[in-house]
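Visitor: Need coordinates for the following:
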Amino acid sequence: MWTIRASLLIVAALCLAVVRAHNVKLVPQGRECFFEDLRREDTMTVTYQVGDHEGEGSSGQLGVDFWISDPRNTVLKADKNENHGEFTFHAQHSGRYTYCFSNEASGMVTKEVAFNVHGVVYVDASEAQPDPIENEIRTLATLVQQIKDEQEYLLVRERVHRNTAESTNSRVKWWSLFQLGVVAGTGIFQVYYLKRFFEVKSVV
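Guide: Okay, the predicted model is just below:
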């Protein structure tokens, strides 16, 4: 019984070891690059979500550039000014795969990118013994990771929407105060003008 439990824990640990979650801050004109060493037939997935680091609610400026290249410097995926994305690929060559996030198109807004990297290590069928329990654990680990990624995505989206709502409320507040000031000023001017208009002037 103990051997089975130990085996299950080891398999679960191996499944989770290929999952990585990161947060990176992109300053204006900034770029951050990362890499993964893969073997041929390995599978890798990158998901990312952009948030407003400064909390200014600038939801219209939350796009970043993303691209990923293989060991031969061939670009496999390139996104321009996107606030979220997902890309899955199978490695065609063994070596270092590089992926980058760029905020170089923005000169004012600092952005925060939350991204997850998870993959599946390819094992030749002739080298592996089929194990139904191991397959079920791998499937369960994949489903759990998908739920975790979705929760992180929803958290970032909630923060972006909250910042946008707070920014909109602040602008509405100041615009209302400005309108109130204009109305008050107009009323005072009208009273003053009418008072002078009906004022009787006597000539000595």
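
Visitor: residue closest to the middle of the protein?
Guide: Gln49 (1.7 Å; CA atoms, centre = their mean).

Visitor: so what's that residue up against?
Guide: With CB atoms under 8 Å, 6 or more residues apart in numbering as the criterion, the residues that contact Gln49 are 83-84, 113-115, 152-153, 156-157. Heads up, the C-betas are built off the backbone N, CA and C, glycines and all.

Visitor: Paired strands for the strand or helix carrying it, with orientation please.
Guide: Take DSSP states H and E as the rule and Gln49 turns out to sit in strand 43-52. Listed by DSSP bridges, the sheet partners of strand 43-52 and their directions read strand 84-90 (antiparallel), strand 111-120 (antiparallel).

Visitor: What are the buried residues along the first one?
Guide: Neighbour-count burial for strand 84-90 flags 84, 87, 89 (criterion: 16 or more other CB atoms under 10 Å).

Visitor: Who are the contact partners of Cys33?
Guide: Applying CB under 8 Å, 6+ apart to Cys33 gives the contacts 98-101.

Visitor: Give the buried subset of the residues you listed as a ChimeraX selection command.
Guide: Restricted to the buried members of the contacts of Cys33, where burial is judged by 16+ other CB under 10 Å, the ChimeraX selection command reads as follows:
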select :99,100,101
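
Visitor: Tabulate the contacts of Cys33 in a markdown table, adding columns for secondary structure and distance to Cys33.
Guide: Converted to a markdown table, those look like this (DSSP: H, G, I helix; E, B strand; the rest coil; distance: CB to CB, whole Å):
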| residue | secondary structure | distance to Cys33 |
| --- | --- | --- |
| Thr98 | strand | 6 |
| Tyr99 | strand | 7 |
| Cys100 | strand | 4 |
| Phe101 | strand | 8 |
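
Visitor: what angle sits between the lengthiest helix in the chain and strand 43-52?
Guide: Of all the elements of type helix in the chain, the one with the most residues (DSSP state H) is helix 132-197. Computed by axes from the mean of the first three to the mean of the last three CA atoms, to 10 degrees, the angle separating helix 132-197 from strand 43-52 equals 20 degrees.

Visitor: For this structure, give me the ranges with low pLDDT.
Guide: Counting by pLDDT under 70, the low-confidence segments of the chain come to 1-21, 53-61, 120-130, 200-204.

Visitor: circling back to that earlier point, now, among the contacts of Cys33, which is nearest to Trp67?
Guide: Cys100 (5.8 Å; CB to CB).

Visitor: Could you look up the SS state of the closest residue to that closest one other than its chain neighbours?
Guide: Counting by CB to CB, 6 or more residues apart in numbering, Cys33 is the residue found nearest to Cys100 once chain neighbours are left out, at 4.1 Å. Judged by DSSP: H, G, I helix; E, B strand; the rest coil, the three-state class of Cys33 is strand.
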